[in-house]
Structure formats: C-alpha cells, structure tokens
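A.B. asks: Here is my input, please return the structure:
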Amino acid sequence: MFPRKMRRVSKYIFLCLCLFTVYFISLRILYAGERVSNMNKELVCTEEKRHIAFIKCMKCATESMETILRRFGYIRKLNFVLPRKRNPYLGWPGPMEKMDYRPSKRPFDILTEHAIYNKTLLDDLMPNDTVYISIIREPWSHFKSTFSYFKMASIGELPKVSDQLSEFLSDIQKYERIYSSPKKNFLRWCIPDYFSPTRSMMSHCLGMPLGFPKGRKDIMNNETAIMEYILFIDKHFKLVMLVEYFDESLILLKRLMCWSLKDILYQKTNSGNYSYRSYEPTKQQQEIHRNWSRADYMLYEYFNKTFWTKVAAQGPDFIEEVKHFKAVEAAIQNFCFGEKRPNLSTDVFIIRKTKFNSEFNVTKEYCDLMHFFILPKLWEQYSQMEGLLPERKSFMDLLFQKRPEKGCSLLY
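C.D. replies: Next up, the predicted model:
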C-alpha cells in the first residue's frame, strides 16, 4: 500500500517538474523573441537624426565630408556652430573655447568646422542626443599629404634634393624645429608657432594630449595612456570613418543617421597632387615615422578593426548598397560636373526608386551645393536667423584686415 502511494506522489512531482520546465522554456523563448524584435526595431530608421558633431582630422577627406554636412544643414536651416568673423576654424589647432564660436539664441544642431575634441565643452554646447563622428587615414598616406599641404619642404628649409621625404625623415626634429619657429610664422597659414603638422595630428584633433599648446600633458611615449584615450574616443563616438573606404563610410553614416542617399552625394574636393603621392617607405623609414607618429598608428589600427566590425554587423545587403551608391555617384558626377554635361539650367536628373532609396531629383542648384564652398552661405543664414545685419566688407577691408590673435581669416 505504502509503496503505491509513493509511486503516485513521485508521478505527481515528476508531472509538476515537467510542467514547470515547459513553462520556463516558453518564457525564455518569448523573452528571446522580444529581444530580437527590439534589436530589429533599433536597426530600422524611423526619423532622420539632425544633431551631429563631426570632429575633422586635417587632410582626411574632410572638405568632402564637410560639404555633405554643411549642405544637409543649410537646406534644413539648422543651426551650426560657426567660427567668429572670417575665421575658418573653431580655435584649431588649439583647444576650442567659448571665444572661438559665434553665440546663438537658438540651440545648436551641427558642428562641422575644424575643432579639437573637448568633451566637457561640447557636452555643454551640443544637444544630449548629438552623434559624434570622425574620419581618419592610414598614417603614412596622411604624412605625405600633410607634408605637401603645409609646405614642409620649403618652409622647413629642406635642401632641394629629389627625395625630400627621405631627407625629412633623416632628421625630423631639425626640420620640424625650423618649420615651427616664430621666424617662419608669416609663411605658415593658420599654423601657430611650435605646432607640428606631421606628429600624430589625427590623434591631436581628437583631443589626445600630445603636448600642444605648450604646457599640456604629452602622452606620446606612453602606449598604455594612448590606448586608454583611444578607448575613450571609441566610447563617445558612434562612427570613425576611413578615408580609404569613403563610400563604405558614407553608407554607414547614412544608416546611422537615417539619412537618404541624396544626403550623402558628394564631389571629391581638395585632393592634393604631388610627385611622391605613390611613394612607399622602406622598412626603416616606416619605423622612423611610426616612432615619430606613434599615436596615429595605434589610432588607425584600432579603428580600422572597429570599422570592419561595424560593416560585418550590417548584413548581406551592405555591399550591395555600396555598389548601388557608387553607380549613382558616377551618374551624378557626370550630370553635374562631366565635360559633356547637359544644360543644367533646364535639366533635372532623376534617380529612380530602389530598395535603398526613394526616387529623387538632382537639379543645377543641388549640383552647386555639392561643388561650391558653402561656409559664406552659412554666415548669411546665421545673420538672418539671428536677426543681425549682414556682414558687409569691401575687398580692400578684407585684404588689409589684421591677422587674428588666434586662427586665421578667409577673404570672403
């Protein structure tokens, strides 16, 4: 009798355990389904984002990127953080301060002019939902570009030899000292005394403390501190793009910001043409430059990895969208800037609807916004929106204006 009762109790307990197990598994499946559903919802764009801060790293396709962002905001009459007067920079290459930007009655939407990243200042200046982005470049390629753009050879008094890159690398500190000296100040446009355009300038633009201005901490020789700062940037920036993969970068940006394909159209601008553009370094030269610009090499290697991790997470249609974008870009380039372009005063170029874009038109006016320097238009728009009188200066006023104490001025 007793054993029979025990068997019944055991069956009852077993049945309860089975029911509990089924219930628990059902909850797990339901929770997992909801979590996947929520993740998918986050990946679907519902509304374009308009608050963005682009921290420019000099000579990293920044004029192309800046034109895209200026055009996006200009068309929508968004409020830009603009330098004061005719200064093209927000304090760059020094730290950005309140004295560097024009005050506004309205909240700011976009920062895209040259500024050194300063989290404390920008957190106060920009909306809480601002998306921070930047773009970087392979360091050796970046070195060649900056060497040419900033006229390192002529201002640094390098001898007129056929291989000036090798000559510069043979005694970097000597030529840097000459280039950045006060006696060369009048030859350097927008570059203050004792600032190096060739020593980890990308990291400097992103706010890494590398000894400039004088008295600032310098972590160049501390790889642990460099990596800690790189991780800090990774935490606060949603996207760090790569010049070498500019179209892929723009598609990532489009998806991140919920923008349209039309928003990211561009004309490549300010691309330097110099004799040593294709020059590849010897192992020794590469090592010399790596030691000189250590932070930039670590920065690029880290964000090159995170870039491709982001690409891999986009799914199988990402490469398809990049190919589609390249085809659209080629067609628009031919329409807007090709030698046999049509009569832009009357013609409109139509891009048909695909799974990556709605149908849209490109007009002469839009071609102009892809091509022209938009900053003066932003100055005019700022005056209108702030209720100020437009800035009127004669050419002679602009020509003989005093050089500002910080930064430089444009003749517009």
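A.B. asks: what does stretch 317-327 rub up against?
C.D. replies: With CB atoms under 8 Å, 6 or more residues apart in numbering as the test, stretch 317-327 has contacts from D247, E248, L250, I251, L261, I264, V311, T354, K355, F356, N357. From N, CA and C alone the C-beta is placed, and that goes for glycine too.
A.B. asks: Stretch 241-253 now?
C.D. replies: The contact list for stretch 241-253 (CB under 8 Å, 6+ apart) reads 60-61, 64-65, 68, 133-138, 141, 239, 259, 264, 266, 303-304, 307, 310-311, 314, 318, 321-322, 325-326, 329.
A.B. asks: Narrow those residues to those in strands?
C.D. replies: I133, S134, I135, I136, L239 (DSSP state E).
A.B. asks: With respect to Q381, which of those residues is nearest?
C.D. replies: For these, the closest approach to Q381 (CB to CB) belongs to I133, at 22.6 Å.
A.B. asks: so what's that closest one up against?
C.D. replies: Here I133 is in contact with I52, A53, F54, I55, F237, K238, L239, V240, M241, L253, L256 (CB under 8 Å, 6+ apart).
A.B. asks: where does the residue nearest to E97 when sequence neighbours are not counted land on pLDDT?
C.D. replies: Counting by CB to CB, 6 or more residues apart in numbering, G91 is the residue found nearest to E97 once chain neighbours are left out, at 5.9 Å. Listed pLDDT for G91 reads 93.
A.B. asks: G91: what secondary structure?
C.D. replies: coil (DSSP: H, G, I helix; E, B strand; the rest coil).
A.B. asks: ok, the residue most central in space within the chain - contacts?
C.D. replies: Of all residues in the chain, the one closest to the mean position by CA atoms, centre = their mean is S134, 2.5 Å from it. S134 makes contact with F54, I55, K56, C57, Y117, C205, L206, I233, F237, L239, V240, M241 under the criterion CB under 8 Å, 6+ apart.
A.B. asks: Tell me which entries of the residues you listed lie within helices.
C.D. replies: C205, I233 (DSSP state H).
A.B. asks: I'd like the contacts of S134 as JSON lines, with neighbour count and distance to Q173 appended.
C.D. replies: Shown next, in JSON lines, are the contacts of S134 (neighbours: other CB atoms under 10 Å; distance: CB to CB, whole Å):
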{"residue": "F54", "neighbour count": "24", "distance to Q173": "33"}
{"residue": "I55", "neighbour count": "23", "distance to Q173": "28"}
{"residue": "K56", "neighbour count": "27", "distance to Q173": "27"}
{"residue": "C57", "neighbour count": "25", "distance to Q173": "23"}
{"residue": "Y117", "neighbour count": "23", "distance to Q173": "27"}
{"residue": "C205", "neighbour count": "22", "distance to Q173": "22"}
{"residue": "L206", "neighbour count": "24", "distance to Q173": "24"}
{"residue": "I233", "neighbour count": "21", "distance to Q173": "28"}
{"residue": "F237", "neighbour count": "18", "distance to Q173": "32"}
{"residue": "L239", "neighbour count": "20", "distance to Q173": "35"}
{"residue": "V240", "neighbour count": "26", "distance to Q173": "30"}
{"residue": "M241", "neighbour count": "25", "distance to Q173": "32"}
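A.B. asks: And the average pLDDT for stretch 286-306 is what?
C.D. replies: For stretch 286-306, the mean pLDDT works out to 98.
A.B. asks: what's the closest of the contacts of stretch 317-327 to P95?
C.D. replies: For the contacts of stretch 317-327, the nearest to P95 is L250 (29.3 Å; CB to CB).
A.B. asks: wait, is the closest one part of a helix?
C.D. replies: Yes: the assignment for L250 by three-state DSSP puts it in a helix.
A.B. asks: Provide the secondary structure category for F72.
C.D. replies: Under three-state DSSP, F72 comes out as helix.
A.B. asks: show me the residues around E66 that make contact.
C.D. replies: By CB under 8 Å, 6+ apart, the residues touching E66 are F54, K56, T112, E113.
A.B. asks: mind giving me a markdown table with those residues and columns for pLDDT?
C.D. replies: Output for those, formatted as a markdown table (pLDDT from 0 to 100):
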| residue | pLDDT |
| --- | --- |
| F54 | 98 |
| K56 | 94 |
| T112 | 97 |
| E113 | 95 |
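A.B. asks: out of these, which one sits closest to N222?
C.D. replies: The closest of the contacts of E66 to N222 turns out to be K56 (CB to CB; 25.5 Å).
A.B. asks: and the closest residue to the closest one other than its chain neighbours, what does it touch?
C.D. replies: Nearest residue to K56, sequence neighbours excluded (CB to CB, 6+ apart): T62, at 4.2 Å. Taking CB under 8 Å, 6+ apart as the criterion, T62 is in contact with K56, H114, I135.
A.B. asks: Report the separation between T62 and K160.
C.D. replies: 31 Å (CB to CB, to the nearest Å).
A.B. asks: cool, H142 as well?
C.D. replies: Distance from H142 to K160, by CB to CB: 24 Å.
A.B. asks: And stretch 311-329, what's buried?
C.D. replies: Neighbour-count burial for stretch 311-329, counted by 16 or more other CB atoms under 10 Å, picks out V311, Q314, F318, E321, V322, H324, F325, V328, E329.
A.B. asks: Next step: those restricted to helices.
C.D. replies: Among the buried residues of stretch 311-329, the ones falling in helices (DSSP H) are V311, F318, E321, V322, H324, F325, V328, E329.
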